[in-house]
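[1] Need coordinates for the following:
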Amino acid sequence: MTRIFNPGWLTCLDKSMSKWLIKWTCPGFVFCPRKPWPFGNEYHTPGCVVTTIISMVELVEGKTRPTELGPKKFNMITGSELKTVGLVLRMTKSMYYSRRVVIMDSGFCVLRGLIELAKRGFFASAVIKKRRYWTKYVPGDKIKEYFLDKPVGTSDALHGILDNTPFHIFCLKEENYVMSLMSTYGTMEKGCETKRIIEDGKK
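    Take a look at the predicted model:
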């Protein structure tokens, strides 16, 4: 599929579940409690936002992956502690050096992954969420403290450089939390005015 499909400018990288009930009849069976249906196979899927076409699927194998297959591509390059980086590189390999944009959920939020994509001519953005710890290179607690007394709607950004590649952490104060995005593109500077037409025809 990746050899014949040319996606649009924007791709969304996410996880999907395939429903199943019986563990013993489902190779690669996983239990993922955060999903609406938590039992079955979990897949990583890059989908074209323009056409809504999924260009490839990678099964989450975990410990059931046959050892004779060896490590997955790119995992040897990035190290076992950064398997997410290898996953992101595999999911976007067919779009390298195309200057496209990929949007990822917090499960793919590893700064090293965004930097590696930028080196391959690919812009990326990922939602930042605290799991057990904050994502590496993200001063999450300091960001929360900075926005503590700010009114809702306040936005700001942190700028950094890793491996000579610039990146940004964009933040927006919501009513009950601070939404944060890690990105290798974008700006806080106001550009030209843009008008859009929504589905009901109103501007």
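[2] okay, and for the protein, where does confidence drop off?
    Counting by pLDDT under 70, the ranges of the chain that qualify are 1-2, 62-66, 68-81, 190-203.
[3] count of neighbours near the residue nearest to V101 when sequence neighbours are not counted?
    Excluding its sequence neighbours, the residue lying closest to V101 (CB to CB, 6 or more residues apart in numbering) is F123, at 4.5 Å. C-betas here are computed from N, CA, C, even on glycine. F123 has 19 neighbours, counted by other CB atoms under 10 Å.
[4] my read: F123 touches R99, true?
    Yes. With contacts counted by CB atoms under 8 Å, F123 reaches R99, the gap being 7.0 Å.
[5] Distance check, C109 against K142.
    17 Å (CB to CB, to the nearest Å).
[6] so where do the helices sit in this structure?
    75-78, 83-91, 111-119, 140-147 (DSSP state H).
[7] quick revisit: list the contacts of the residue nearest to V101.
    R99, R100, V101, V102, L117, S183, T184, Y185 (CB atoms under 8 Å, 6 or more residues apart in numbering).
[8] mind redoing it with 10 Å?
    Residues counted as contacts of F123 (CB atoms under 10 Å, 6 or more residues apart in numbering) are 9-10, 98-103, 114, 117, 183-186.
[9] Same question for V178.
    Contacts of V178 by CB under 10 Å, 6+ apart are 128, 140, 143-144, 146-148, 150, 154-156, 171-172.
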